[in-house]
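Q: Structure for this input, please:
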Amino acid sequence: MRLPVVVGVDGSEGSLRALDWAAAEAARSGHPLRVVHASLWERYEGIRPASDTEHPSEQVLAEHLVAAAQERAHRLGPGVAVAASVEPEDPVAALVRESHEAAMVVLGSRGRGRIAGMLLGSVSLTLAGRSRCPVVVIPARTSGTPPRSGRVVVGISDAAEPTAATVFALAQAASRHGELVAVRAWRSPAHQARAHPLISGSPASAHHQNAEEHLEEVLTKLDRTGATDVTIHRLVVQGPVHHELLEAAEGAELLVVGARRPGGWHGTHLGPVNHAMLHYAPCPVAVVPDAYHRPEPEPNTPE
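A: You can find the predicted model right below:
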């Protein structure tokens with residue numbers, strides 16, 4: 001059986017957007033959908049429900065919440081197998097456990113936390129640093145630029161081989177019958193004198209050429225046979241990685257970045273690029289841990 005797309009719901013508008021995205025992803029990819037609500041979600045985000053005994057119990061409210069989410073998912077993806085559950089624990093613990101056996105975990109950028117102006121909730125931020133599988137965070141606000149159908153953007157690191165994030169991005173572009181934009185940003189070392197980038201033999205020219213060659217090598221290894229039939233656009237730019245990725249993400253359906261885990265699976269470190277993308281990207285962001293290995297599709301199962 002294929003691993004499910006897991007979506008965390010807490011009844012907020014953000015989680016409904018995440019549910020809609022996850023249902024569409026499951027319908028497109030052929031994965032089942034699993035809806036999860038952790039009963040301690042509100043306490044985790046800093047809200048304690050009133051103890052008025054005339055109101056329904058927390059368990060009843062939680063069951064109603066997941067039932068409504070399950071019904072909504074069935075309407076959005078009539079052919080998708082949908083399961084739902086209420087987990088009696090805090091959401092990060094529940095969703096990290098779910099991530100061990102999931103194709104991806106989908107969340108809204110923020111839940112019903114008490115800080116209304118907060119761009120990113122503590123659940124989505126913490127989970128992105130601890131999940132075993134890719135985490136997709138759906139932003140509260142979308143770009144003014146209409147998304148180009150099937151457009152997936154991925155940041156290319158300085159690794160010599162295709163990273164888990166790059167492999168995931170190609171698979172996402174393929175499932176959308178779309179295109180992949182591979183962004184390789186570079187910067188000259190601070191101690192080097194700045195020369196005009198068009199002057200032959202200048203440090204800037206050499207760095208740009210090296211970045212182009214590195215990008216080409218990685219993409220050649222990524223799709224040696226061209227079997228995915230995905231159009232790949234190469235974008236080599238000089239500037240801060242986070243700035244260039246945010247620009248490239250305008251009009252994209254999905255932005256993919258990698259997450260290095262120096263401490264292994266128990267590490268919770270997210271770098272500054274990850275933070276910038278999760279806070280400010282104009283489209284959904286997938287954070288893919290570097291140790292993630294995408295499961296092979298089952299025989300005779302369409303991608």
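Q: Could you report the distance from Val285 to Ala24?
A: Taking CB to CB, to the nearest Å as the measure, Val285 falls 16 Å from Ala24. Where C-beta positions appear, they are placed from N, C-alpha and C, glycine not excepted.
Q: So for those two, which sits in the more crowded spot?
A: Val285 (28 against 16; other CB atoms under 10 Å).
Q: mind checking how far Pro139 is from Ala281?
A: Distance check for Pro139 against Ala281: by CB to CB, it reads 6 Å.
Q: pretty sure Pro162 is touching Glu217, no?
A: No. Applying CB atoms under 8 Å, one finds Pro162 not in contact with Glu217, separated by 9.7 Å.
Q: For those two, indicate the residue with more neighbours.
A: Legend: neighbour count by other CB under 10 Å for Pro162 and Glu217, higher for Pro162 (20 against 13).
Q: who touches that one in this structure?
A: 218-219, 221-222 (CB atoms under 8 Å, 6 or more residues apart in numbering).
Q: Need the max-distance pair from the residues you listed.
A: Leu219 and Lys221 (7.3 Å; CB to CB).
Q: These two: who's more crowded?
A: Leu219 (19 against 12).
Q: now, among the contacts of Pro162, which is nearest to Gln59?
A: Leu222 (47.2 Å).
Q: Ignoring the adjacent residues along the chain, who's closest to that closest one?
A: Sequence neighbours aside, Pro162 is the residue nearest to Leu222 in space, at 4.3 Å (criterion: CB to CB, 6 or more residues apart in numbering).
Q: State the distance from the one you found to Ala24.
A: Relative to Ala24, and taking CB to CB, Pro162 is found at 26 Å.
Q: do the same with Leu95
A: For Leu95 relative to Ala24 (CB to CB), the value is 20 Å.
Q: swap in Thr166?
A: In this view, Thr166 and Ala24 are 23 Å apart by CB to CB.
Q: So which residues make contact with whichever helix or strand Glu244 is part of?
A: Assigned by DSSP states H and E, Glu244 belongs to helix 241-248. Outside helix 241-248, the residues within contact range by CB under 8 Å, 6+ apart are 153, 155, 181, 183, 185, 235, 237, 255, 257, 272-273, 276-277, 280-282.
Q: contacting residues around Arg132?
A: Going by CB under 8 Å, 6+ apart, the list of residues near Arg132 reads 96, 99-100, 102, 265, 289, 292.
Q: which ones among the contacts of Pro162 are found in helices?
A: Using DSSP state H, the members of those that fall within helices are 218-219, 221-222.
Q: Serialize those to TSV and add fields for pLDDT and distance to Pro88.
A: Below are the ones in helices among the contacts of Pro162 laid out as TSV (pLDDT from 0 to 100; distance: CB to CB, whole Å):
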residue	pLDDT	distance to Pro88
Val218	95	44
Leu219	94	46
Lys221	93	45
Leu222	92	42
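Q: Let me know the closest of those to Leu33.
A: Nearest to Leu33 among the ones in helices among the contacts of Pro162, counting by CB to CB, is Leu222 at 28.2 Å.
Q: so after the helix or strand bottoming out on mean pLDDT in the chain, what's the next helix or strand?
A: When each helix and strand of the chain is scored by mean pLDDT, DSSP states H and E, helix 41-45 comes last, with a mean of 55. Moving toward the C-terminus from helix 41-45, the next helix or strand (DSSP H and E) is helix 58-76.
Q: Contacts made by that following helix with the rest, please.
A: 7, 9-11, 15-16, 19-20, 22-24, 27, 33, 35-37, 39, 49, 56, 80, 82-86.
Q: roughly how far is the first helix or strand past it going along the chain from the heart of the chain?
A: Sequence order places strand 82-87 as the next helix or strand after helix 58-76, per DSSP H and E. On the basis of CA atoms, centre = their mean, to the nearest Å, strand 82-87 sits 21 Å off its chain's mean C-alpha point.
Q: List the buried residues of strand 82-87.
A: Neighbour-count burial for strand 82-87 flags 82, 84, 86-87 (criterion: 16 or more other CB atoms under 10 Å).
Q: Can you list the strands that it pairs with?
A: Sheet pairing of strand 82-87 (DSSP bridges) gives strand 33-38 (parallel).
Q: export the partner strand as PDB, just CAs?
A: Extracted as PDB, the C-alpha positions of strand 33-38 are listed here (Å, rounded to 0.1, in the frame of the first residue of the first chain):
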ATOM      1  CA  LEU A  33      -5.100  10.800   2.700                       C
ATOM      2  CA  ARG A  34      -4.800  10.700   6.400                       C
ATOM      3  CA  VAL A  35      -6.400  13.500   8.500                       C
ATOM      4  CA  VAL A  36      -4.900  13.900  12.000                       C
ATOM      5  CA  HIS A  37      -6.000  16.100  14.800                       C
ATOM      6  CA  ALA A  38      -4.000  16.200  18.100                       C
END
